[in-house]
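Student: Okay, here's the prediction I keep looking at, along with the sequence it came from:
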Amino acid sequence: MPAKLGIIGVGHFAGFLVEGFRNRYRDLEIVLSPRGEEMSARLSADFNCRVAGHNQTVVDQCDLVIISVRPNSFEDVVGALKFREDQTVVSVVSGIMHSTIKKFVAPAKGVRALAISSAAINQSPTYLYPDDFGCRDFLQALGPIHVMDNEEQFTVAAAYTALYGWCFKLLDEGADWGAANGLEKDQAITLMREVLSGVAGMADHDADISMEKVVESLATKGGITELGLNVLEENDGFEAWHNALDAVHERLKGSS
């Protein structure tokens, strides 16, 4: 665990990270940049963080620094900072390649990582490239760590962080359908949430069985699961999801 953790770029995602880290590391000193004043103030009050007066102050005082700014701000923000050789800088900025990170944080060590908002409850898969033992050990507080063999793998895996958000939209759409057909909206949301939770739970339970076999076991001939899957396939429903992932993947390839 680092002696002090610094976070530069304090938006909603940084808030999820802070909550997850604080759940596991009660005594960790967390120093926040002033960027995102309202969020920084809330995190300071809720999770015992300290807000620095300047981004450079965060860098000067911390041995591990997380960069969580918008992609189009990365070069301007990080390029204005001076890092030390004994530091590690973790970029959680989508689409910023490792070569760019190394260039802008030198002489510090630079790595890429990406998590999802369930980091706040310590259940986020976190992707890491390249491997770094210290980062791997520290970031596992947020959930399972997946070290990628190369940056191409990292970029493909990163597309799933968008799919995660789409699942909430699926939950809401299913709840809207239930409300339109006689359920109370809150009741429909609860039922949808429990269904999706059951999917994740059974996928873990049946991890040694291929998903194709699981689907075959559920889509019995003439049954309602088969009926719905046929409608989706006839309307290219799954192709739309593939196209959406392709679009995200292209965006995430970013700039080298």
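Tutor: Received, thanks. Residues are numbered from 1 along each chain as shown.

Student: For this structure, give me the ranges with low pLDDT.
Tutor: Filtered on pLDDT under 70, the chain yields the residue ranges 254-256.

Student: Not counting its neighbours along the chain, what's nearest residue 166?
Tutor: Leaving out its chain neighbours, the residue that sits closest to residue 166 by CB to CB, 6 or more residues apart in numbering is residue 244, at 7.2 Å. Where you see a C-beta, it was placed from the backbone N, CA and C, and this is true even at glycine.

Student: Sorry, wrong one. I was asking about residue 67.
Tutor: residue 91 is the one closest to residue 67 (CB to CB, 6+ apart), at 4.6 Å.

Student: you'd agree the residue nearest to residue 166 is in a helix?
Tutor: Yes. Residue 244 sits within a helix when classified using DSSP: H, G, I helix; E, B strand; the rest coil.

Student: Flag every buried residue along stretch 115-134.
Tutor: By 16 or more other CB atoms under 10 Å, the buried positions in stretch 115-134 come out as 115-117, 119-120, 124-130, 132.

Student: no wait, stretch 214-228
Tutor: residue 219.

Student: I'd like the distance from that stretch to the chain centre, please.
Tutor: On the basis of CA atoms, centre = their mean, to the nearest Å, stretch 214-228 sits 32 Å off its chain's mean C-alpha point.

Student: ditto for stretch 221-233
Tutor: Centre to centre, stretch against its chain (CA atoms, centre = their mean), the figure for stretch 221-233 is 32 Å.

Student: next one: stretch 153-165
Tutor: 8 Å.

Student: For it, buried residues please.
Tutor: Residues 154-159, 161-162 are the ones in stretch 153-165 that count as buried (16+ other CB under 10 Å).

Student: what does stretch 162-178 give?
Tutor: By neighbour count on 16+ other CB under 10 Å, the buried set for stretch 162-178 is 162, 171, 174-175, 178.

Student: Stretch 78-88 too?
Tutor: For stretch 78-88, by 16+ other CB under 10 Å, it's 78, 81, 83, 87-88.

Student: what's in contact with that stretch?
Tutor: With CB atoms under 8 Å, 6 or more residues apart in numbering as the contact definition, stretch 78-88 has outside contacts at 2, 8, 55-56, 59, 62-65, 67, 69, 89, 104-111, 132, 134-135.

Student: Find out how far it is from the centre of the chain, if you would.
Tutor: Using CA atoms, centre = their mean, the offset of stretch 78-88 from its chain centre is 24 Å.

Student: Can you measure across it, start residue to end residue?
Tutor: The first residue of stretch 78-88 is 14 Å away from its last residue (CA to CA, to the nearest Å).

Student: what sits opposite the residue lying closest to residue 109 once chain neighbours are set aside in the beta ladder?
Tutor: Spatial nearest neighbour of residue 109, excluding adjacent residues (CB to CB, 6+ apart): residue 88 at 4.8 Å. Counting by DSSP bridges, residue 88 is bridged to residue 64, residue 109.

Student: For residue 88, give its distance to residue 67.
Tutor: Distance, residue 88 to residue 67, by CB to CB, to the nearest Å: 11 Å.

Student: what does residue 89 give?
Tutor: Counting by CB to CB - residue 89 and residue 67 are separated by 6 Å.

Student: So for those two, which sits in the more crowded spot?
Tutor: Applying other CB atoms under 10 Å to residue 89 and residue 67 shows that residue 67 carries more neighbours, namely 27 against 24.

Student: my guess is the more buried one meets residue 76, correct?
Tutor: No. Using CB atoms under 8 Å, residue 67 makes no contact with residue 76, being 12.0 Å away.

Student: follow-up on the earlier one: tell me which of the buried residues of stretch 153-165 is nearest to residue 44?
Tutor: Nearest to residue 44 among those, counting by CB to CB, is residue 161 at 26.6 Å.
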